[in-house]
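Enquirer: I would like the atomic coordinates for the input below:
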Amino acid sequence: MLIPHWAEWWTRVKNFFSLAARRRVRYQKWDELASNGDPDARYRLLMLYYSEGPEYYPLAFKWGVAVANQGEDCGVMLQVAEMYAAGHGAPQNEEKALLWFERALSLHIMQGRTSPLSVDAANYLQEQIQTLRHKLGKDNS
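Expert: This is a model prediction of the structure:
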């Protein structure tokens, strides 16, 4: 049996060579920075949705919603809508997904040429809105 001091040292050595453990430590630091208002850390964390696996969906969702609620980035609103629709990082909720898809499209339209979304992304938003409205019985037909 290892002495507690050596056990702690050995854990640190293992974590140093473990990429997954190093990533977790990095993301925890980003989470602390984001909690203190660092916008760069918030964007890094919400991008984990695309770059990491399901383990990090809740963290990406947390900061995606925080940034989307600021109402300035339709791309982030789109990400939050997709996460609600797929149940990634939060329970699946098609009502909330529809709300965020609609918000993203509205902001995209208001931003006009300065919108970060492409024409294809705007078309995708419209398709998702139509599909969810029909599925939820909210279409005008």
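Enquirer: Quick check: end-to-end length of stretch 6-25?
Expert: Length of stretch 6-25, first residue to last, Cα to Cα, to the nearest Å: 21 Å.
Enquirer: what do you get for stretch 61-80?
Expert: Between the opening and closing residues of stretch 61-80 lies a distance of 7 Å (Cα to Cα).
Enquirer: Would you mind pulling the contact partners of it?
Expert: By Cβ atoms under 8 Å, 6 or more residues apart in numbering, the list of residues contacting stretch 61-80 from outside reads 34, 39, 42-43, 45-46, 49, 60, 83, 88-90, 100-101, 103-105, 107-108, 111, 115-117, 121, 125. C-beta: built from backbone N, CA, C; applies to glycine.
Enquirer: what about 6 Å?
Expert: When contacts are defined by Cβ atoms under 6 Å, 6 or more residues apart in numbering, stretch 61-80 is touched by residues 34, 42, 45-46, 83, 89-90, 100, 103-104, 107-108, 116-117.
Enquirer: Check stretch 117-131 too.
Expert: Outside of stretch 117-131, the residues within contact range by Cβ under 6 Å, 6+ apart are Cys74, Phe101, Glu102, Ala104, Leu105, His108.
Enquirer: Flag every buried residue along it.
Expert: Neighbour counts using 16 or more other Cβ atoms under 10 Å place Leu117, Ala121, Ala122, Tyr124, Leu125, Gln128, Ile129 of stretch 117-131 among the buried residues.
Enquirer: before we move on, the earlier item: looking at the contacts of stretch 117-131, which are in strands?
Expert: Among the contacts of stretch 117-131, no member falls in strands (criterion: DSSP state E).
Enquirer: Could you give the number of residues near Glu72?
Expert: For Glu72, the count of nearby residues is 11 (other Cβ atoms under 10 Å).
Enquirer: how about the strands of the protein, start to end?
Expert: Counting by DSSP E, the chain contains no strands.
Enquirer: which residues in the protein form helices?
Expert: Counting by DSSP state H, the chain forms helices over residues 4-17, 19-35, 39-46, 48-51, 57-68, 74-86, 94-111, 119-135, given from the N-terminal end onward.
Enquirer: Quick check: buried residues in stretch 95-103?
Expert: For stretch 95-103, a neighbour-count test (16+ other Cβ under 10 Å) marks Lys96, Ala97, Leu98, Leu99, Trp100, Phe101, Glu102, Arg103 as buried.
Enquirer: Fine by me, we can end here.
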